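Student: sequence and predicted structure below; questions after.
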Amino acid sequence: MSNTQVLPLTLLEPEVAEAVAPCCPPLTERPLTADEAEKTARMFKALGDPVRLRLFSAVASHEGGEACVCDISDVGVSQPTVSHHLKKLKEAGLLTSERRGTWVYYRVEPSVVAAMGQMLKIAG
């Protein structure tokens, strides 16, 4: 059993709520439906880009579990490209964000990450 709490999806924007809903059982439980496979592929595809994976890792490992875009933008690409990649991670439901003044702070979406990990967990 996980200690991770699932946040109510009603707090999210409607188009984001669907993207972040943990959708799928472990791969060893049963075959995925076409809809489950589509939603899951969107999340893993977002992490399939090395820059996005570095940004996701920077947010996940940042002190306090959240990072200002100003603290994680040194990944070898321009600031507009960083913003693009962060947007893709957010659209995939892997990150949430909050604007504070002129800066945007990103946080890993724990319920989705836990669901992805559970999905890949192989009984052994």
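Tutor: Nice, thanks for sending it over. The structure presented is a predicted model; accordingly, all values stated were derived computationally and were not measured.

Student: in this protein, which spans are strands?
Tutor: Ranges of strands in the chain, per DSSP state E, are 66-68, 95-100, 103-108.

Student: contacts for the second one, please.
Tutor: Under the contact criterion C-beta atoms under 8 Å, 6 or more residues apart in numbering, strand 95-100 has outside partners L12, F56, V59, L86, L89, K90, V104, Y105, Y106, R107, V108, E109. Backbone N, C-alpha and C define where each C-beta goes, glycine included.

Student: quick check, C24 in contact with L120.
Tutor: No: contact status for C24 versus L120: not in contact, 10.1 Å apart, counting by C-beta atoms under 8 Å.

Student: low-scoring stretches of this protein, by residue?
Tutor: Counting by pLDDT under 70, the chain contains low-confidence residues at 1-23, 122-124.

Student: redo that, cut-off 80
Tutor: For the chain, the stretches with pLDDT under 80 are 1-28, 112-113, 115-116, 118-124.

Student: before we move on, the earlier item: more neighbours: C24 and L120, which one.
Tutor: Using other C-beta atoms under 10 Å, the more surrounded residue of C24 and L120 is C24, with 20 against 12.

Student: now do the more buried one against V77, distance only.
Tutor: Distance, C24 to V77, by C-beta to C-beta, to the nearest Å: 31 Å.

Student: also S83?
Tutor: Taking C-beta to C-beta, one finds S83 at 10 Å from V77.

Student: nearest the middle, which residue of this structure would you pick?
Tutor: A centroid search over the chain (C-alpha atoms, centre = their mean) returns L94, at 0.9 Å, as the residue closest to the centre.

Student: quick one: contacts for that residue?
Tutor: L94 makes contact with M43, A46, L47, F56, V108, E109, V112, V113, according to C-beta under 8 Å, 6+ apart.
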